[in-house]
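Asks: Quick check, what structure comes out for this input:
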Amino acid sequence: MNDFKNKRQSSRFKEKVKVSYRFLADPGKKGDASTLDLSTQGSRILINRDFPKGSIMELTIKIPDTRGHILVRAEVVWSKGVLYRGKKFFELGFRFLNIGLKERSQLYFKGLYRVSKEA
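Replies: Below is the predicted model:
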């Protein structure tokens, strides 16, 4: 995982944000999750099921401190099983595929910038 961390083009911030997901190969596989960290180019999400590397998901990410959200397609770049509160979960690393400048700005200025100022 350290190799991937070194390839990041933007900083990630520890930010717990609500996310809804839908697996595009099987739209019946959908649900809610939350981020563990977030950047303008990707995220690490805690989820109750595993998806293989390369899976394409549609993510609806709530913008922190607003009523807004953004919709992005994202690729699973890594996955690992974890125990969280005594139950089996998965941490998935996502790379955003189709995030535009408007959505990046919303994440940064309405969420991540606030988090970085507080740190």
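Asks: most centrally placed residue in this protein?
Replies: In the chain, the C-alpha nearest the mean C-alpha coordinate belongs to S43, at 3.2 Å (CA atoms, centre = their mean).
Asks: next one: the strand ranked longest in the chain to chain centre, how far?
Replies: Ranked by residue count under DSSP state E, the longest strand found in the chain is strand 69-84. Distance of strand 69-84 from its chain centroid, counting by CA atoms, centre = their mean, to the nearest Å, is 5 Å.
Asks: Output that strand as PDB, nothing but the C-alphas.
Replies: What follows is strand 69-84, C-alpha atoms only, in PDB (Å, rounded to 0.1, in the frame of the first residue of the first chain):
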ATOM      1  CA  HIS A  69     -23.400  16.000  -2.700                       C
ATOM      2  CA  ILE A  70     -21.400  15.000  -5.700                       C
ATOM      3  CA  LEU A  71     -21.800  11.900  -8.000                       C
ATOM      4  CA  VAL A  72     -18.700  10.300  -9.300                       C
ATOM      5  CA  ARG A  73     -17.600   7.000 -10.800                       C
ATOM      6  CA  ALA A  74     -14.700   5.400  -9.000                       C
ATOM      7  CA  GLU A  75     -12.400   2.400  -9.500                       C
ATOM      8  CA  VAL A  76     -11.400   0.100  -6.600                       C
ATOM      9  CA  VAL A  77      -7.600   0.200  -6.500                       C
ATOM     10  CA  TRP A  78      -7.100  -1.900  -3.400                       C
ATOM     11  CA  SER A  79      -9.100  -3.700  -0.700                       C
ATOM     12  CA  LYS A  80      -8.400  -5.200   2.700                       C
ATOM     13  CA  GLY A  81     -10.500  -6.900   5.300                       C
ATOM     14  CA  VAL A  82     -10.600  -5.300   8.800                       C
ATOM     15  CA  LEU A  83     -12.400  -5.800  12.100                       C
ATOM     16  CA  TYR A  84     -14.500  -2.800  13.100                       C
END
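Asks: Partner strands of it and their direction?
Replies: Within its sheet, strand 69-84 is paired with strand 56-62 (antiparallel), strand 87-96 (antiparallel), according to DSSP bridges.
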